[in-house]
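> Build the 3D model from these lines:
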Amino acid sequence: MLHFSGTGTALGIFNAELEKYVEIPSDSGITFNVQPKMKALEIGEKAKEAILSRKFDQIRVNIPNGDMVGHTGDIDATIMILDAVEQVGGIYLVTADHGNAEDMVKRDKKGEPIFAKDGKVQIQTSHTLQPVPVAIGGPGLTKGVKYRKDVPDGGLANVAATVMNLHGFLAPDDYETTLIEVD
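Numbering: from 1, shown residues only. Next up is the predicted model:
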């Protein structure tokens, strides 16, 4: 397994013989709205190299832009990683732990934008409570895999079992239900 972090937060290693941890240090002294790309391209390049090396069974990549910058995140780094997954016949799972980039405007109870005294829209900088989607795909995905209909309120707790299933393993009984099934 290869771990990446673009936020400077150590993700931790469980077994140093089986894992490699690569950190791309965050920019310092620059606010994210001034440098919205952050280190996304560097993270994307390292992830692409790791994927194309075919040395790892799983690669975990943290692209912080959607969280840290919201709508100004760099989609090119994500596309670069997904292209590499396609090239090696792999599988991807993309999600987040909370809402943020889907709506960066403060809203009233009717859902209308709230304006400041100067007439400008007020910016929403906190996390939202909106559901966060999960995208699963890639040429390595087993035929007939689909999202389960009996887990309509699935969330982050369901991702661990889902990743195990994508690797061909059954999740332990005490895990939350997987998000996928095979026809």
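
> In terms of residue numbering, what are the domains of the chain?
Each domain of the chain is listed here as a residue range: 1-88, 103-131, 141-183, per automatic domain parsing.

> can you redo those domains as a markdown table with distance to residue 94?
(C-beta placed from N, C-alpha, C; glycine too.) Putting the domains of the chain into a markdown table (distance: least, Cβ to Cβ, whole Å) gives the following:
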| stretch | distance to residue 94 |
| --- | --- |
| domain 1-88 | 7 |
| domain 103-131 | 15 |
| domain 141-183 | 11 |
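
> most tightly surrounded among those?
Greatest average neighbour count among these goes to domain 1-88 (a mean of 16), per mean count of other Cβ atoms under 10 Å.

> distance of residue 155 from residue 173?
19 Å (Cβ to Cβ, to the nearest Å).

> Can you pull out the low-pLDDT segments for this structure?
1-14, 30-38, 64-80, 98-103, 130 (pLDDT under 70).

> Tell me where it has strands.
Here the chain has its strands, by DSSP state E, at 2-5, 20-23, 59-60, 92-94, 135-137, 145-147, 180-182.

> Having no further points to raise, I will conclude here.
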